[in-house]
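Q: Got a predicted structure plus its sequence, pasted below:
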Amino acid sequence: MFEGLSKRLGDVFDKLRGRGALSEADVDAALREVRTALLEADVALPVVRDFIDSVRPKAIGADVIRSVTPGQMVVKIVNDHLVEMLGGTVSDLDLNAIPPVVILMVGLQGSGKTTSSAKIGYRLSQGPQGMAAEFGGSFSVKRKVMMASLDTRRPAAQQQLKILGEQTGVATLPIVPLEMPLAITRRALEQARREGFDVLILDTAGRLSIDEELMKEVADISALAKPKETLLVADAMTGQDAVNVAKAFNERLAVTGIVLTRVDGDARGGAALSMRAVTGRPVKLIGVGEKFDALEPFHPDRIASRILGMGDIVSLVERAAETIDKEDAEKLAAKVRKGQFDMDDLLNQLRQLRKMGGLQGLMGMLPGAMQAKAAMSKAKIDEGQLKRQEAVILSMTAKERRNPDLIHASRKKRIAKGSGVQVQDVNKLLKQHADMLKMMKRVNKLGEKGFMRGLGGMMQPPGFPR
């Protein structure tokens, strides 16, 4: 989402880092470019103005002038203020109340309320499993959750939530035709109390735009349900409009937090940067994909690091922990120690990489992300290559996957035809597997330290004493 902004700011700070000393004029010129970059990213003008006014005094202060690396100091100051603008710390869902704790989902039609309701319900019902453990707080305890759709206007909206409930294993309130939203709310509250549910998620109706009828309906539901959390769901792709919607809802309702959807799209990022400052309400969760587990807590410090090209190693480690099965990893390690690594193992590794977001997703979390992505683009590295390699392996027989040496020329042609690639693609994959196997055997023979020493010697320039 922040690629455009990250690139612009990266260019600005590269100029600063390249200078030994910074004058006030240098800082002013850089901040003018930062201001332009933020405005182009759709950040609200008052937010940009406050941001620049806060950064400037510190960026031209004595600490920067005396610093050994003044350019780096300015980047740190901008980073600290970005974190502050985004909310400072992670904001957890507040579910500390007598059950059933009510979560009211509000927002415009098409913002992703129903899907977000199912994602939150799924996370809460999973408890401390997989990535839910990383969420901490409200997501670290397994809860009994029920969802209820109050959307009687949009065709099949209630049916949609029912289907999502079946897919996620989260209970939904039975649908009663022609029942009005307030009556559905009363019935949901009664059933949740009677059947001992911990959390009740109410998915309200939306409109194409804000109107008085919508606001009155949501306000009446809120007065009846007395929600502990009122989450405004906003589509990050709508940019500045999402900020205006957040402001309007916050003025009429006691909004406690914001859920940003489609953060994985090509939005310019201004909504996320503006909402906290404009509404005073924190962004609590972000939707990063279509799947039910594609929901993440909003970490202001990590987002700021990504924007400034400093990477997000913590999220990378957490994503690895989420997708990598410990038992499978131990089995693979044992096979590698024995010098065994077949095509099935390679297939699992390719799938693992794709589950972690592919090469582009991983690059976005590494320091110097923009430079890495630019290098990938220049080298013409194709993300689709992972899928094609997977198809090649799946076109092999089980015996061939266990022993690739059995694959002769005619079989390579059949495998290429079956997977929709060229024979040279099959040869490349077989060579890649052979090289990996050779390297693993070398590690086992020399030991890890010996292998690293040998690798270091290979990397030394010609004529360097060894």
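A: On my side now, so go ahead.
Q: count of residues packed around Ala29?
A: Counted with other Cβ atoms under 10 Å, the neighbours of Ala29 add up to 14. Where C-beta positions appear, they are placed from N, C-alpha and C, glycine not excepted.
Q: Apologies, that question was intended for Met343.
A: Using other Cβ under 10 Å, Met343 has 21 other residues around it.
Q: pLDDT below threshold where in the stretch 51-200 of the chain?
A: By pLDDT under 70, the low-scoring segments of the stretch 51-200 of the chain are 61-72, 128-138.
Q: thought Ala304 was touching Gly87?
A: No. Using Cβ atoms under 8 Å, Ala304 makes no contact with Gly87, being 10.3 Å away.
Q: can you list the domains in the protein?
A: 3-85, 101-310, 317-456 (automatic domain parsing).
Q: Out of the ones you listed, which is closest to Asp92?
A: domain 101-310 (3.5 Å; Cβ to Cβ).
Q: Just say which of the domains of the chain is most tucked in.
A: Mean neighbour count (mean count of other Cβ atoms under 10 Å) peaks for domain 101-310 among the domains of the chain, with a mean of 20.
Q: Next, Gly289: phi, psi?
A: phi 170, psi -180 (degrees, to the nearest 10).
Q: and if you look at Gly287?
A: Per degrees, to the nearest 10, the backbone of Gly287 is at phi -90, psi 120.
Q: distance of the closest residue to it other than its chain neighbours from Asp203?
A: Using Cβ to Cβ, 6 or more residues apart in numbering and skipping residues adjacent in sequence, the residue nearest Gly287 is Thr261, 4.0 Å away. From Thr261 across to Asp203, the span is 14 Å (Cβ to Cβ, to the nearest Å).
Q: cool, Leu38 as well?
A: Counting by Cβ to Cβ - Leu38 and Asp203 are separated by 34 Å.
Q: same check, this time on Asn403
A: Here the criterion is Cβ to Cβ. By it, Asn403 lies 53 Å from Asp203.
Q: and if you look at Val83?
A: Counting by Cβ to Cβ - Val83 and Asp203 are separated by 32 Å.
Q: before we move on, back to that, does the residue nearest to Gly287 touch Ser116 like I think?
A: Yes. Using Cβ under 8 Å, Thr261 is in contact with Ser116, at 6.2 Å.
Q: which neighbours do those two share?
A: Listed as contacting both Thr261 and Ser116 by Cβ atoms under 8 Å, 6 or more residues apart in numbering are 233, 287.
Q: Follow the chain on from the helix or strand hosting Leu39 and name the next helix or strand.
A: Here Leu39 sits within helix 24-40, counting by DSSP states H and E. Per DSSP H and E, helix 24-40 leads on to helix 45-59 as the next helix or strand towards the C-terminus.
Q: which residues are contacting that following helix?
A: Helix 45-59 is contacted by residues 27-28, 30-31, 34-35, 38-39, 43, 64, 74, 77-78, 81, 85, 273-274, 277-278 when judged by Cβ under 8 Å, 6+ apart.
Q: what angle do that helix and helix 24-40 make?
A: Counting by axes from the mean of the first three to the mean of the last three Cα atoms, to 10 degrees, helix 45-59 points 160 degrees away from the direction of helix 24-40.
Q: Dump helix 45-59 to CSV, restricted to CA.
A: Output of helix 45-59 as CSV, limited to C-alpha atoms (Å, rounded to 0.1, in the frame of the first residue of the first chain):
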residue,chain,number,x,y,z
LEU,A,45,-3.7,18.6,4.5
PRO,A,46,-4.2,19.5,8.2
VAL,A,47,-2.4,16.3,9.1
VAL,A,48,0.5,17.0,6.8
ARG,A,49,0.8,20.6,8.1
ASP,A,50,0.9,19.4,11.7
PHE,A,51,3.4,16.8,10.8
ILE,A,52,5.9,19.2,9.1
ASP,A,53,5.4,21.8,11.9
SER,A,54,6.3,19.1,14.5
VAL,A,55,9.3,17.7,12.6
ARG,A,56,11.0,20.9,11.5
PRO,A,57,12.1,22.3,14.9
LYS,A,58,13.8,19.0,15.8
ALA,A,59,15.3,18.4,12.4
